[in-house]
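Trainee: 3D, please:
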Amino acid sequence: MFENLQGQLREDISTVAKINLTIDAWTSGNKLPFMAITTHWIDTRYERFNTLIRFERLRGSHTAGNMSDVMIKVLDMYQIRESINCITADNAVVNDGKIFDLELKMQDWSQEDGEIRCLAHVLNLAAQTVLKTLKSEAEEREVGLVSDDCDDSGHNNEVDPATSLRKLRQIVAKV
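Mentor: As a prediction, the model looks like this:
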């Protein structure tokens, strides 16, 4: 069944001028490294296709060499090495080496023209940085509020809604 599906996919892909890839690698909870490769293309009828072409357990760890070897093996298996337009991956440092290795092994493909960093991953990293900055600033402000509302003994002399709200924010900030 796999050979039939692979043959059909190879036939579908062969009619397309360029193919885009997305790649992701991770380690499972039981410490096994995996890599997935998906293809994306538009056919002559302008119909869009997205297909997982390989889900592979890596031998060894997530090194650039291991991952680029698997990718070349898969591209050759489907006979699409020369059809690759762009490759999208996350911002893991190992991807820089993997993409460099691929550029050396693929004649008509260059990192400069064909590498795309995953926008969702970039936005996630940016959002995390903003949230960490806001949290840090909020904690600094909350610490300042404690000293503003207290007398020399550290006891709060005010009893009003604003003071109660500040106390609540201080508790939440500490949690």
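Trainee: can you find the helix or strand in the chain with the smallest mean pLDDT?
Mentor: helix 161-174 (a mean of 64; mean pLDDT, DSSP states H and E).
Trainee: quick one, helices of this structure?
Mentor: 2-14, 64-77, 93-105, 111-114, 119-149, 161-174 (DSSP state H).
Trainee: and the ones you listed, which one averages the lowest pLDDT?
Mentor: Of all the helices of the chain, mean pLDDT reaches its minimum on helix 161-174 (a mean of 64).
Trainee: angles on the backbone of the residue nearest in space to the middle of the chain, please.
Mentor: Closest to where the C-alpha atoms of the chain average out (Cα atoms, centre = their mean) is D90, at 3.6 Å. Phi and psi for D90, reported as degrees, to the nearest 10, are phi -80, psi -170.
Trainee: what sits against it?
Mentor: D24, R117, C118, H121 (Cβ atoms under 8 Å, 6 or more residues apart in numbering). C-betas here are computed from N, CA, C, even on glycine.
Trainee: greatest separation within these: which pair is it?
Mentor: D24 and R117 (12.6 Å; Cβ to Cβ).
Trainee: need the overlap of contacts for the two.
Mentor: Common neighbours of D24 and R117 (criterion: Cβ under 8 Å, 6+ apart): A89, D90.
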